[in-house]
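Undergrad: Here is a sequence with its predicted model. Questions after.
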Amino acid sequence: MHKNLLRASAVGAAAIAFCGVISVSQASAAQTCSTAGTNARIQVMTGIIPEAQLSVPTCVEAVADGKVRGKATVNWGFINDGQSDMTSKRFTSFKVTTRLESRVPGGTDVVVNSKTCDVTANINAAPESSFTCVTPAVTLDPAKKWSGDATVVYDIEGDGKGPITWQLTGSPLMS
């Protein structure tokens, strides 16, 4: 019971922290992002490696010269109870594919650009950090609405289950 309460508190604190990051980011650049708790999970790990807290907000961002791009930021932290193994390899693979999508009024999303980033070395090297995967920018067509979306595929070291695919919720539309 106490461990579950601790997990819930940690996820709540992480969600509040990510809300603050997204709010600050929106003030400094024209972007719209998924809400903090939307793309968050606690992933049970194998052996004495602690659980992973993962959060991946997806965004669409207007940048200089009338361009737009998709962005996904992988945030992670491993719960350390003082006896956890914080040095062993955690993932055999951890990749995020970020997509920039456009939509004409009344239409459906069309992938305009994408980029796959391999985060494996980063997430295995640091018990807590983040990594941002950004699509190449394209010219913003004001007749369309734009969104950022992403998919994460990861394989936990030693669990024997193979890759896990996590379809993220995309950002709200931006004009």
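TA: Arrived safely.

Undergrad: drop to CA atoms for contacts and neighbour counts, all remaining ones
TA: OK.

Undergrad: What segments of this structure are strands?
TA: Assignment of strands within the chain using DSSP state E yields the ranges 31-33, 40-43, 52-55, 58-63, 67-78, 91-103, 110-118, 128-134, 138-139, 145-156, 164-167.

Undergrad: out of those, nearest to Met174?
TA: For Met174, the closest of the strands of the chain is strand 145-156, at 5.0 Å, according to C-alpha to C-alpha.

Undergrad: so how far is that closest one off the chain centroid?
TA: Relative to its chain's centre, strand 145-156 lies at 7 Å (C-alpha atoms, centre = their mean, to the nearest Å).

Undergrad: cool, stretch 129-141 as well?
TA: Put simply, stretch 129-141 sits 12 Å off its chain's centre (C-alpha atoms, centre = their mean).

Undergrad: Please identify the buried residues of it?
TA: The neighbour-count check on stretch 129-141 (16 or more other C-alpha atoms under 10 Å) flags Ser130, Phe131, Thr132, Cys133, Val134, Thr135, Pro136, Ala137, Val138, Leu140 as buried.

Undergrad: how much space is there between the fourth one and Gly158?
TA: Same thing as Cys133. From Cys133 over to Gly158 the distance is 26 Å, taken as C-alpha to C-alpha, to the nearest Å.

Undergrad: so who does the residue nearest to Thr116 when sequence neighbours are not counted touch?
TA: Using C-alpha to C-alpha, 6 or more residues apart in numbering and skipping residues adjacent in sequence, the residue nearest Thr116 is Thr97, 4.1 Å away. Residues near Thr97 by C-alpha atoms under 8 Å, 6 or more residues apart in numbering: Ser114, Lys115, Thr116, Cys117, Cys133, Ala150, Thr151, Val152.

Undergrad: hmm, try it at 7 Å
TA: Ser114, Lys115, Thr116, Cys117, Ala150, Thr151, Val152 (C-alpha atoms under 7 Å, 6 or more residues apart in numbering).

Undergrad: pLDDT at the most centrally placed residue in the chain, what is it?
TA: Of all residues in the chain, the one closest to the mean position by C-alpha atoms, centre = their mean is Val56, 1.8 Å from it. Per-residue confidence (pLDDT) for Val56: 97.
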